[in-house]
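>>> Quick one: sequence plus predicted model below, questions after.
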Amino acid sequence: GEDVEQSLFLSVREGDSSVINCTYTDSSSTYLYWYKQEPGAGLQLLTYIFSNMDMKQDQRLTVLLNKKDKHLSLRIADTQTGDSAIYFCAESKGAAGNKLTFGGGTRVLVKP
Amino acid sequence: NAGVTQTPKFQVLKTGQSMTLQCAQDMNHEYMSWYRQDPGMGLRLIHYSVGAGITDQGEVPNGYNVSRSTTEDFPLRLLSAAPSQTSVYFCASREQGASGYTFGSGTRLTVV
């Protein structure tokens, strides 16, 4: 099965909070990442969390990591129409963490 | 800095043709990787490099070759294109010890 899994789609109203969930299987992952992809563009690193942390906050973004359940979430506060995009979670593997394994992506649609 | 530059942006090949996708970065990053993105499958690692002269296979290496003669360049060669290689290809780089990869804007390849 997939190493990293995400739900396919999330619809949210402008101004509400969005929560995107991700599960992974490799307990040896060093870093876990959230990337954003807008149409026709490459991936933009939003934030990351080291595997020995539980939470990281960066402006409107909050990452929660539950290592026991291998569950990662990204919360976007005060969601804006510009947040409409595909969001990928990824885990790093390899001796130097140089191999990323991505989930299939969650398409977030923000409605006005 | 231009970041990670990929050329061409679009390419159509006939089955059996060969071509090279170019990737260059001007950030003096040690690590570089090639991913392919297919609908609903996230990104999958093709090949990666941890420095000039050093390359290794990723998850889906068959049908692709790479070389890393300089720190800046990491070309991806398709030896004999097949329709299954129709995809969007992303190159990424990061410096040693850094937490996240910087991605190029991608090459959309269609093999007919």
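Perfect, thanks for sending it. Values in this document were obtained by computation on a predicted structure and should not be read as measured data. Residues are numbered from 1 along each chain as shown, chains lettered A, B, ... in the order given.
>>> that's a strand at residue A:82, yeah?
No - using DSSP: H, G, I helix; E, B strand; the rest coil, the assignment for residue A:82 is helix, not a strand.
>>> can you pull the contacts of it?
Residue A:82 is in contact with residue A:110, counting by CB atoms under 8 Å, 6 or more residues apart in numbering or on different chains. (C-beta placed from N, C-alpha, C; glycine too.)
>>> and the gap between it and chain B?
Distance check for residue A:82 against chain B: by CB to the nearest CB, to the nearest Å, it reads 18 Å.
>>> Check residue A:33 too.
Residue A:33 is 6 Å from chain B, where distance means CB to the nearest CB.
>>> For that residue, which residues count as its bridge partners?
Taking DSSP bridges, one obtains residue A:48, residue A:90 as the residues bridged to residue A:33.
>>> What pLDDT does the model give it?
At residue A:33, the model reports a pLDDT of 92.
>>> and if you look at residue A:92?
Residue A:92 carries a pLDDT value of 85.
>>> And for the host helix or strand of it, what's in contact with it?
Per DSSP states H and E: residue A:92 is located in strand A:85-93. With contact meaning CB under 8 Å, 6+ apart, strand A:85-93 is reached by A:3-4, A:6, A:20, A:22, A:24, A:26, A:28-39, A:43, A:46, A:72, A:74, A:98-103, A:105-108, B:42-43.
>>> Sort out for me which of those are in strands.
The strands, defined by DSSP state E, take in A:4, A:6, A:20, A:22, A:24, A:31-37, A:43, A:46, A:72, A:74, A:99-102, A:106-108, B:43 from the contacts of strand A:85-93.
>>> Filter the residues you listed down to the buried ones.
The neighbour-count test (16 or more other CB atoms under 10 Å in any protein chain shown) applied to the ones in strands among the contacts of strand A:85-93 identifies A:4, A:6, A:20, A:22, A:24, A:31-37, A:43, A:46, A:72, A:74, A:99-102, A:106, A:108, B:43 as buried.
>>> Can you list the residue ranges for strands in chain B?
B:4-7, B:10-13, B:19-25, B:31-37, B:43-51, B:54-57, B:64-66, B:76-78, B:87-94, B:102-103, B:107-111.
>>> elements contacting the last one?
In other words, strand B:107-111. Contacting strand B:107-111 under the criterion 3 or more CB pairs under 8 Å, 6 or more residues apart in numbering or on different chains; DSSP states H and E are the following elements: strand B:10-13, strand B:87-94.
>>> buried sites along that strand?
Residues B:107, B:109, B:111 are the ones in strand B:107-111 that count as buried (16+ other CB under 10 Å).
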